[in-house]
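Participant: Pasting the sequence and the predicted coordinates here, then a few questions.
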Amino acid sequence: MTPSLSILSDLLSIPSVSTDPEFASGMEDARSYLLTLFTSLGFTAHLLPGRLHPAVFASYIVNPSHPTVLIYGHYDVQPAGAPSQWTTPAFEPSIRKNRIYARGATDNKGQFMIHVMAVRKMLESDALPINVKFLIEGEEEIGSPGIELLTENYKTLLSADYLFLSDTEMPALGQPAIDITLRGCLDVEIHIQTSAQDLHSGQFGGVAPNPAQILAKFLSRLKNGSNKITLPGFYTDVISPNDEEIRDFRKTEPSDTQLLKEGHYFFVGGGENRYSLNRRRWFEPTLDITGLDSGYTGIGTKSIIPDTASAKISIRFVPDQDPEQIYSSLASSLHHSLPKATVWRLIRYPVASAFKAPTDHPVFELVKSSLKSVFGRPAVFQGQGGSIGSVPVLVRALGLPAVMIGFGLPDENLHSPNEHFSLENYFKGIETMSRIYSALPALHLPNRPESIPIILKTSSPGLL
């Protein structure tokens, strides 16, 4: 096992689960491991406070006049789930068919370790021409609740010329890609109540209102027969992809069969059919019911009219859409749709902002050429349907371009049993990032404009 792979394996063996207090010692062990690793490479390293779990910050300053990169990653991982669903234990890394299996392999330890090992490689050959800062967060899997305050308090410490991160995926093995969009995320809960208690369905059926049916009626009207979202003003600020983006989307357009295999669902039926699959999952907003609850759900039956009903809704919005306007439109529609005597609440969760990268910045041409040199194929622009709450926060606060290069693959089971990461991509990723970081000084123009043309809506970071 090579040193770079051994270091990754050691980190993957640490159960750094941020959502479960029982893994607090694993979170601490992961931080300690990273602090020791960065210190051994010559970095200055320490912890920065988070809401629940500190972030690891490390810096190596070659020369203050040289360009500086800030590299983002996260050391926290999802819970492993049932051990019986794993071929080998989740926190005992195993290599099979040129893949490393472990929780966090692709999300995100394997991917941020690519950058660490690229810098390590350059330091060993005394060929690091840039200043490097790492921000390895410990709260990404719980929505990055502390990233905004951390960025505000340590803005000078985090200052840089470029933000790099790898927390996404390539469309297929051998096809490099640069992610240029992230959808934002707005999650809400609707609670309605129509009586003080459950009622006998025989005694009160036909005269008492049924909250489950009232809520179901409202939910059914949120989309029309073409799957278009019907909230007033919802699409007002939605922008269309440009010609280059549409061309790149077509190059990686999956088949229905491929998506069914990746997602393990039974048929394609979401979104507006007039758009391509890639446009629907990257550039178009969505609204999904993520949870429903009302009445008796135990074994057998219970003859009642329930007193309450609730639903959870997740809205993925795109750059230039305003989550405040979307929330207001949903609240207004709910208010005008429910019977007047209905008691209702609309609960809102923290919002993750949408983001669009400034692809006209010269760094993107450098990244494209470096990816092509290593992978042998031209890199394409693609989007991501999910959210990375830290990216718009860091970009907005620090005023720098964000370059998102995913080295994961669509079938690597992130958040699922048997998560794994391609070792081919791991080593090619190290070579790619070494090339990019070596060439960055040629792009560093002291008089370049400070303003970075990004498109996003300001909000707190949220779910991923």
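Facilitator: Received, thanks. Numbers count the residues shown, from 1 in each chain.
Participant: contacts, neighbours, all on C-alpha from now
Facilitator: Will do.
Participant: Which secondary structure state is assigned to the closest residue to residue 162 other than its chain neighbours?
Facilitator: For residue 162, ignoring the flanking residues on the chain, the nearest one in space by CA to CA, 6 or more residues apart in numbering is residue 69 at 4.8 Å. Classification of residue 69 using DSSP: H, G, I helix; E, B strand; the rest coil returns strand.
Participant: any idea how far residue 230 is from residue 69?
Facilitator: Noted for residue 69: a distance of 43 Å to residue 230, by CA to CA, to the nearest Å.
Participant: the more surrounded of these two?
Facilitator: residue 69 (22 against 14; other CA atoms under 10 Å).
Participant: what's next to the helix or strand hosting residue 332, contact-wise?
Facilitator: Assigned by DSSP states H and E, residue 332 belongs to helix 323-337. By CA atoms under 8 Å, 6 or more residues apart in numbering, the residues outside helix 323-337 that reach it are 186, 218, 231-234, 317, 346, 351, 457.
Participant: residues contacting residue 64?
Facilitator: Residue 64 sits next to residue 131 when contact means CA under 8 Å, 6+ apart.
Participant: and with 10 Å instead?
Facilitator: Each residue near residue 64 by CA atoms under 10 Å, 6 or more residues apart in numbering is listed here: 130-131.
Participant: got any ranges where the chain has weak pLDDT?
Facilitator: 444-464 (pLDDT under 70).
Participant: where exactly do the helices run in it?
Facilitator: Per DSSP state H, the chain carries helices over the ranges 3-12, 24-40, 110-124, 147-153, 155-158, 201-204, 211-220, 243-251, 256-263, 277-282, 323-337, 363-375, 390-398, 423-439.
Participant: State the number of residues packed around the closest residue to residue 284 other than its chain neighbours.
Facilitator: Computed as CA to CA, 6+ apart, the closest residue to residue 284 that is not its neighbour in sequence is residue 318, at 6.6 Å. Using other CA under 10 Å, residue 318 has 30 other residues around it.
Participant: hang on, the earlier thing: pull out the buried positions in the helix holding residue 332.
Facilitator: Within helix 323-337, the residues that count as buried by 16 or more other CA atoms under 10 Å are 323, 326-327, 329-331, 333-334.
Participant: Also stretch 252-271?
Facilitator: Buried-residue list, stretch 252-271, by 16+ other CA under 10 Å: 252, 254, 259, 271.
Participant: and the end-to-end length of that stretch?
Facilitator: For stretch 252-271, the first-to-last residue distance is 19 Å (CA to CA).
Participant: same thing with stretch 51-70?
Facilitator: Stretch 51-70 end-to-end distance (CA to CA) = 21 Å.
Participant: Contacts only, for residue 103.
Facilitator: Applying CA under 10 Å, 6+ apart, the residues near residue 103 are 12-17, 76-81, 86, 89-93, 109, 413-421.
Participant: I only care about those that end up buried; give me the ChimeraX line for that.
Facilitator: The ChimeraX selection below is limited to those of these classed as buried (16+ other CA under 10 Å):
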select :12,13,14,15,16,17,76,77,78,79,80,86,89,90,91,93,109,413,414,415,417,418,419,420,421
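Participant: Among the contacts of residue 103, which lie within strands?
Facilitator: 420-421 (DSSP state E).
Participant: quick one: furthest residue from the center of the chain?
Facilitator: What lies farthest from the middle of the chain is residue 203; by CA atoms, centre = their mean that is 49.9 Å.
Participant: any idea how far it lies from residue 366?
Facilitator: Distance of residue 203 to residue 366, given as CA to CA: 73 Å.
Participant: follow-up on the earlier one: the residue nearest to residue 284 reaches residue 287, doesn't it?
Facilitator: No - taking contacts as CA atoms under 10 Å, residue 318 lies outside contact range of residue 287: 11.8 Å.
Participant: Could you name every residue contacting both of these two?
Facilitator: With CA under 10 Å, 6+ apart as the test, residue 318 and residue 287 both reach residue 185.
Participant: Could you find the closest non-adjacent residue to residue 313?
Facilitator: For residue 313, the closest residue by CA to CA, 6+ apart turns out to be residue 289, at 4.5 Å.
Participant: give the contact list for that neighbour.
Facilitator: 187-189, 219, 311-315.
Participant: could the residues you listed be laid out in JSON lines, adding distance to residue 154?
Facilitator: Shown next, in JSON lines, are these (distance: CA to CA, whole Å):
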{"residue": "187", "distance to residue 154": "29"}
{"residue": "188", "distance to residue 154": "31"}
{"residue": "189", "distance to residue 154": "34"}
{"residue": "219", "distance to residue 154": "43"}
{"residue": "311", "distance to residue 154": "39"}
{"residue": "312", "distance to residue 154": "35"}
{"residue": "313", "distance to residue 154": "34"}
{"residue": "314", "distance to residue 154": "32"}
{"residue": "315", "distance to residue 154": "31"}
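Participant: Fine by me, we can end here.
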